[in-house]
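Student: Give me a 3D structure for the following:
(chains A and B)
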Amino acid sequence: MGKEAYGRAILKEVQLRLERDVAAGAVYATLERLEEKGLISSRVGLGTEVRAGRPRRFYTIEPAGVRALNASRAAVERLWVGVRWPLKGTT
Amino acid sequence: MASEGYDMTHISPPRIAEALLRLTLPPHERDTVSGDLLEEYRECVYPERGRVRANLWYVGQILGFLHWDTRLSAALLGAATIARTALDWRVPTVDFHTRASVSTAIAAGLLCSAGFSASWRSQSPWTGAFAGVVSSATAAGVSVAGTIVLFIRYRDPVTLAAIQRSGGLPEALTLPVLLILPGLCLAGVGGIAGWLVRGFVRARSSRS
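Tutor: Prediction:
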C-alpha cells in the first residue's frame, strides 16, 4: 500500500485478505490504539471532491512497529516448529 | 469502479446519520473517518446497492462504531441479566429485594461506565446516551437468547414453579427490552460525567 495507506484503503485491504467483511469501527479503533502505542504514525492529507473536501489520514509504520511485527512473526513461526504441514485429521 | 463517468458528489447519506457519526468520533477523526465513509458510500455502495440499501449500510456502519465501543459493557450487562435469571430460576428465594438491588446496581454501573467511556473518547456529551441505547439493546438481545436457552434446558416442575414465582417467562423476556430507555438515561448521565472529566483533565494538562 505504501504511501496510499489511508483508513478506507486499509479497511478494504484487510477485507480482501481475510475474504470477509470487517467492521470499520474495529479497524479504526485498532489504528488508533497502534498510534497511541507509537507503532504507527499518521499524517493528514488533502481531501477530494468525492469526500466533500474532507481530508484523508495516511498511516506509516514506525521502527517500533516493524520490530513488533518481526517479533510477532517470529513467535508464530516458533509455534509451528516441528509441526508437519498440512495437518492430518484423526479420521 | 461502478461510479466511473458519473458525478456522485451530489449524493449524500442522511444528514442526521452523518451528524450522529460525527458525534461518536473523537474530534481529530471526525473529518477523516466521515470522509472515508462518504467516499465508500459514493464510489461503491450507492452505485451498487441504490439509495435505500446504501443508507441502511451507512447507518449500520455508525451502529458498528458504537457497538465496537460498547461491546464489553453490553456483553457484561447481558451476562449479568442471564445470571440473575438463572439464579432466580435455579436457586429460588422468597426475598427478591436484595437480588434486585444488586442486579440494578450492577446494570446502572455498567451503563454509566459505557456512557462515560464513549463520551470520554469522543469528547462529546451526547455520545454517552447513544452508547447506552446500543449497549442495552445488544444486552437485551443477549439476555433474551440466554433466557430462551435456559428455558429449553431446564423445564422440570421445580424450575417451572420457580419461574412462575419470579414473575414468569414473559417478564424475563420483556424486562431486558424495557431497560433500553433507562439505559439511555443512565449512560447519558455517565456520558455527561465523562465529557466533564475529560474537559477538566485537558484544561489541567494544558495549564501545566
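Student: Residue B:143 and residue B:83 touch, don't they?
Tutor: No. With contact defined as Cβ atoms under 8 Å, residue B:143 does not reach residue B:83; the gap is 9.9 Å. Backbone N, C-alpha and C define where each C-beta goes, glycine included.
Student: Of these two, give the one with the bigger neighbour count.
Tutor: Higher neighbour count among residue B:143 and residue B:83: residue B:143, with 26 against 14, using other Cβ atoms under 10 Å in any protein chain shown.
Student: What values do phi and psi take at the residue of chain B found nearest chain A?
Tutor: Proximity of chain B to chain A (Cβ to the nearest Cβ) peaks at residue B:35, 2.9 Å away. Backbone torsions for residue B:35, taken as degrees, to the nearest 10, come to phi -70, psi -40.
Student: didn't it look like it was pressed against residue A:49?
Tutor: No. The pair residue B:35 / residue A:49 is not scored as a contact, 11.2 Å apart, by Cβ under 8 Å.
Student: Of these two, which one has the most company?
Tutor: Set residue B:35 next to residue A:49 and count neighbours by other Cβ under 10 Å: residue B:35 wins out with 23 against 10.
Student: Could you find the closest non-adjacent residue to the more buried one?
Tutor: With sequence-adjacent residues excluded and distances taken as Cβ to Cβ, 6 or more residues apart in numbering or on different chains, residue B:35 is closest to residue A:54, at 2.9 Å.
Student: Equivalent analysis for residue B:177, please.
Tutor: In space, residue B:177 is closest to residue B:140, 4.8 Å off (Cβ to Cβ, 6+ apart).
Student: for the one you found, helix, strand, or coil?
Tutor: Secondary structure state of residue B:140, per DSSP: H, G, I helix; E, B strand; the rest coil, is helix.
Student: quick one: it from residue B:66, how far?
Tutor: Plainly put, residue B:140 is 15 Å away from residue B:66 if you go by Cβ to Cβ, to the nearest Å.
Student: Looking at those two, which has the bigger crowd around it?
Tutor: residue B:66 (26 against 23).
Student: Residue numbers of chain B in contact with chain A?
Tutor: B:8-9, B:12, B:26, B:29, B:31-40, B:42-43, B:61, B:64-69 (Cβ under 8 Å from any Cβ of the partner chain).
Student: cutoff 6 Å now
Tutor: By Cβ under 6 Å from any Cβ of the partner chain, the residues of chain B that approach chain A are B:9, B:31-33, B:35-36, B:38-40, B:42, B:61, B:64-65, B:68.
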